[in-house]
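Visitor: Show me the folded form of this:
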Amino acid sequence: MAEKLETLKLYSGDYKTNLNRYHRGRKAWEPVNPKLVLSFMPGNVVEYKVKAGDKVKKGDTLLLFRAMKMNNIIKAHADATIKALGAEPGANIPKNALLIEFE
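Guide: Below you'll find the predicted structure:
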């Protein structure tokens, strides 16, 4: 009896394979949403350099993010308008938490 192959979606394409129980239960892959800036690891926002409604250009500093005792400067990846700020400065933030949303 042949096993049923399942589709595994990767950046490079779709592949047919056998998946174990661990991989069947994983969250499905989603492409990156360019309108969201998410935390790349747990940490906290030290300071926002922008506010809702501000227009930013590619390379402008958006915020200072502190993680693992290091301050990280988060910059805009494209020209955009800030729609919302997602976290309060100083609050503990988990990985993949919303920091900034663009319009």
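
Visitor: ranges for the helices of the chain?
Guide: Using DSSP state H, the helices of the chain run over 21-24.

Visitor: Report the beta-bridge partners for the most centrally placed residue in the chain.
Guide: Closest residue to the average C-alpha location of the chain: Leu38 at 3.3 Å, with CA atoms, centre = their mean. When bridges are called by DSSP bridges, Leu38 pairs up with Leu98.

Visitor: wait, doesn't it sit right on Ile93?
Guide: No: here Leu38 does not reach Ile93: they are 9.6 Å apart, not a contact under CB atoms under 8 Å. In short, each C-beta sits where N, CA and C put it, glycine included.

Visitor: quick revisit: which residues does the residue nearest to the centre of the chain contact?
Guide: If a contact means CB atoms under 8 Å, 6 or more residues apart in numbering, then Leu38 has Asn96, Ala97, Leu98, Leu99 as its contacts.

Visitor: and if you look at Val46?
Guide: Applying CB under 8 Å, 6+ apart, the residues near Val46 are Leu63, Leu64, Phe65, Arg66, Asn71, Pro89, Gly90.

Visitor: mind running it again at 10 Å?
Guide: By CB atoms under 10 Å, 6 or more residues apart in numbering, the residues touching Val46 are Leu63, Leu64, Phe65, Arg66, Asn71, Asn72, Ile73, Pro89, Gly90.

Visitor: What about these, which one has the most neighbours?
Guide: Phe65 (22 neighbours; other CB atoms under 10 Å).

Visitor: That one - nearest residue in space that isn't next to it in sequence?
Guide: In this structure, Phe65 finds its nearest non-sequential neighbour in Asn72, 4.6 Å apart by CB to CB, 6 or more residues apart in numbering.

Visitor: which residues pair with Arg66 across the strands?
Guide: Assigned bridge partners for Arg66, using DSSP bridges, are Asn44, Asn71.

Visitor: Could you report the pLDDT at it?
Guide: With respect to pLDDT, Arg66 scores 96.

Visitor: try Val50
Guide: For Val50, the model assigns a pLDDT of 97.
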